[in-house]
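Peer 1: Sharing a model that was predicted from the sequence below.
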Amino acid sequence: MIIHRNFKYRAIAFALIGSVLFNSCAQKQVEKNARQDEGGFPFHLPEEKPKRALSAAMERIYTDYASPRPEQNELFSQFKYTELEGFDYKDHDGTISRRDPSKTILYKGKYYVWYTHRETPVPPVGIPNASKSNDTIPSSDWDLADIYYATSEDGFIWEEQGVAIPRPPAPNVGHRSVTTTDILVWKGKYYLYYQAFSVASGKNGGDDCPVAVSYADSPDGPWIPYNQVVIPNGAEGEWDQNSIHDPYPLVHNGKIYLYYKSDFGERPDLVRMQGLAIADDPLGPFTKHPLNPVITSGHETSLFPFKEGVAALVYKDGPEHNTVQYAEDWVNFEIASITELMPYAAAPYVPDAFTDTKNGRGISWGIAHFINVTDNWNKFSSKLVRFDCDLSQDLHDPEMKKHRVVHSPEVYLQQGLSKKQRKLRSEKPLK
Ligand code: AAL
């Protein structure tokens, strides 16, 4: 009896499955027929994703980006650059360098920016020659450096105020060089996080350093060093075992979200990616996110709250360089747009960086740097520069939304073949 009943149920099940399969095949055939007689893709690019079969590329511009048109994508922008006034570089002889700026903040009507300041009797010898460095000869452009700051009324003309954080005496962490700082404003106090080198960059083979922090009641200081590592390197064998670079704090969900870069693997196959460490208190403890690395590309992390999520300027290194990326959950980043000529070490003015906003407004300018400004490795030095863009919900600047940057032929010709490439490519094929 039971066998008979099972057989009946199985027969019903097979009949149901069969009819579902038949219907879906029939449905597909109906759609296929419909598509074939719906004509080609429309002449005017639809604002919304059209109900028709789409190629992967067409699908992508409706699903991956805020708008199928870059000029209507709030997270697409071009970037424009302006020389800053107020900084002396001694004709870029390599003995003075300013680079790796912090985010800019506005305090009592003045803009403030902090940055790596190196002033040495001679230019750096270069990381590969780090063994030749000593107490006066720098290995890299950011070796034997201190953290300086400058103020401005308009973001274009600056007045250097002098040193904010000097190198501490040995054996305190950072006694060799303190560099690549960023600012956090938290409960009325100011915190500067920075790379704290105890050995010349390159001496151990890599650009090895942890992150330390100093704090003050005013952006003008005095800055009190915490004199401890606040973002430690990863354990042996972990991606961030050697370096915690570019500390970049924001405030989200009542916590400090500090993004950072690490260089991992061995030169010349170095990989650079971005991680996230979160804390309830500016002095830590910071907990590294279990999904680290959270951004697969980029250098000198720069991010800003945007709507409910966070956006990132991802440039220079990695498979997804030259992109603006977005993470609604502040952890899982997607590409929001592809762009070019992105600012090096971009450090934007982010009005809502520390307000724990639930609707980030975005950015329109900041400070960045140009490295090796004389294109001469024997006189290596860098300089600060202003960048402007339109990655803001409160700005509509069509000039920043053009699809392409027109370069002069000289820019292309500057990227010439090496002698080796030219020789290889001019040899006649053997056959
Ligand atoms: C920069 C940053 C960090 C590195 C070096 C100085 O672009 O990534 O600060 O250590 O280069």
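Peer 2: Thanks, I have the structure now. Numbering: from 1, shown residues only.
Peer 1: now stretch 176-194: how far from the chain's centre is it?
Peer 2: Remark: stretch 176-194 is offset 18 Å from the chain centroid, using CA atoms, centre = their mean, to the nearest Å.
Peer 1: quick one: that stretch near the ligand?
Peer 2: Yes: using CB under 6 Å from any ligand atom, we find that stretch 176-194 touches the ligand at 179-180. Backbone N, C-alpha and C define where each C-beta goes, glycine included.
Peer 1: Show me what counts as buried in that stretch.
Peer 2: For stretch 176-194, a neighbour-count test (16 or more other CB atoms under 10 Å) marks 176-185, 190-194 as buried.
Peer 1: Tell me the one among those residues nearest to the ligand.
Peer 2: residue 180 (3.6 Å; CB to the nearest ligand atom).
Peer 1: secondary structure element for the nearest residue to residue 293 once chain neighbours are set aside?
Peer 2: Using CB to CB, 6 or more residues apart in numbering and skipping residues adjacent in sequence, the residue nearest residue 293 is residue 273, 3.6 Å away. Assigned by DSSP states H and E, residue 273 belongs to strand 271-279.
Peer 1: and if you look at residue 413?
Peer 2: Going by DSSP H and E, residue 413 is part of helix 409-414.
Peer 1: Work out the gap between that helix and the centre of the chain.
Peer 2: Its chain's C-alpha centre and that of helix 409-414 lie 27 Å apart, by CA atoms, centre = their mean.
Peer 1: Check the burial of residue 87 by counting its neighbours.
Peer 2: 17 (other CB atoms under 10 Å).
Peer 1: now do the one 10 residues further on
Peer 2: Counted with other CB under 10 Å, the burial measure for residue 97 works out to 30 neighbours.
Peer 1: now do residue 47
Peer 2: Quick note: residue 47 (other CB under 10 Å) scores 11 neighbours.
Peer 1: buried ones in stretch 354-361?
Peer 2: 354, 357, 360-361.
Peer 1: Check stretch 367-379 too.
Peer 2: Those would be 367-370, 373, 379, for stretch 367-379 by 16+ other CB under 10 Å.
Peer 1: what about it, start to end distance?
Peer 2: End-to-end distance for stretch 367-379: 23 Å, by CA to CA, to the nearest Å.
Peer 1: now swap in stretch 343-360 and tell me
Peer 2: Separation of the first and last residues of stretch 343-360 by CA to CA is 21 Å.
Peer 1: swap in stretch 154-169?
Peer 2: Stretch 154-169: ends 36 Å apart by CA to CA.
Peer 1: do the same with stretch 148-160
Peer 2: In stretch 148-160, first residue to last residue: 8 Å (CA to CA).
Peer 1: Just give me the neighbour total for the closest residue to residue 398 other than its chain neighbours.
Peer 2: Distance criterion CB to CB, 6+ apart; nearest residue to residue 398, sequence neighbours excluded, is residue 71 at 6.9 Å. For residue 71, the count of nearby residues is 12 (other CB under 10 Å).
Peer 1: per-residue confidence for the closest residue to residue 80 other than its chain neighbours?
Peer 2: Leaving aside its chain neighbours, residue 80 sits nearest to residue 388 (4.8 Å; criterion: CB to CB, 6+ apart). You'll see residue 388 listed with a pLDDT of 98.
Peer 1: now swap in residue 17 and tell me
Peer 2: At residue 17, the model reports a pLDDT of 62.
Peer 1: OK, contacts around the most centrally placed residue in the chain?
Peer 2: Nearest to the mean C-alpha position of the chain, counting by CA atoms, centre = their mean, stands residue 301 at 3.1 Å. Residue 301 makes contacts with 246, 248, 259-261, 274, 295, 312, as judged by CB atoms under 8 Å, 6 or more residues apart in numbering.
Peer 1: Would you mind giving both backbone torsions of it?
Peer 2: Main-chain torsions, residue 301, degrees, to the nearest 10: phi -50, psi 130.
Peer 1: repeat for residue 107
Peer 2: phi -140, psi 120.
Peer 1: how near is it to the ligand?
Peer 2: Look at residue 107 and the ligand: by CB to the nearest ligand atom, to the nearest Å, they are 25 Å apart.
Peer 1: what's around that residue, how many residues?
Peer 2: When neighbours are counted by other CB under 10 Å, residue 107 comes out with 13.
Peer 1: Also the one 4 residues further on?
Peer 2: Around residue 111 there are 19 other residues, counting by other CB under 10 Å.
Peer 1: Same question for the one 4 residues further on.
Peer 2: Residue 115 is flanked by 27 other residues according to other CB under 10 Å.
Peer 1: Kindly state the pLDDT recorded for the residue lying closest to it once chain neighbours are set aside?
Peer 2: Distances taken as CB to CB, 6+ apart place residue 101 nearest to residue 115, at 4.3 Å, with adjacent residues excluded. The per-residue pLDDT reported for residue 101 equals 98.
Peer 1: Surely residue 101 is in contact with residue 384, unless I've mixed up the numbering?
Peer 2: Yes: look at residue 101 against residue 384 with CB atoms under 8 Å: they come within range, at 5.8 Å.
Peer 1: quick one: which of those two has more around it?
Peer 2: Using other CB under 10 Å, the more surrounded residue of residue 101 and residue 384 is residue 101, with 28 against 25.
Peer 1: ok, that one - contacts?
Peer 2: By CB under 8 Å, 6+ apart, the contact list for residue 101 reads 113-115, 345, 347, 366-369, 384.
Peer 1: Quick one: name the residues of this structure near the ligand.
Peer 2: Checking the chain against the ligand by CB under 6 Å from any ligand atom, the hits are 100, 142, 179-180, 195, 207, 245-246, 261, 299-300, 345.
Peer 1: ok, back up a step: now the strand holding residue 273 - C-alpha only, CSV.
Peer 2: This file holds the C-alpha atoms of strand 271-279, laid out as CSV (Å, rounded to 0.1, in the frame of the first residue of the first chain):
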residue,chain,number,x,y,z
VAL,A,271,52.2,44.1,-3.5
ARG,A,272,50.5,47.1,-1.9
MET,A,273,47.0,46.8,-0.4
GLN,A,274,44.9,48.6,2.2
GLY,A,275,43.7,47.3,5.5
LEU,A,276,41.3,48.6,8.2
ALA,A,277,41.7,48.7,12.0
ILE,A,278,38.9,49.8,14.3
ALA,A,279,39.0,51.2,17.9
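Peer 1: just checking, what packs against the helix or strand that it is followed by?
Peer 2: Downstream of strand 271-279, the next assigned helix or strand under DSSP H and E is strand 287-288. Other helices and strands packing on strand 287-288, by 3 or more CB pairs under 8 Å, 6 or more residues apart in numbering; DSSP states H and E, are strand 271-279.
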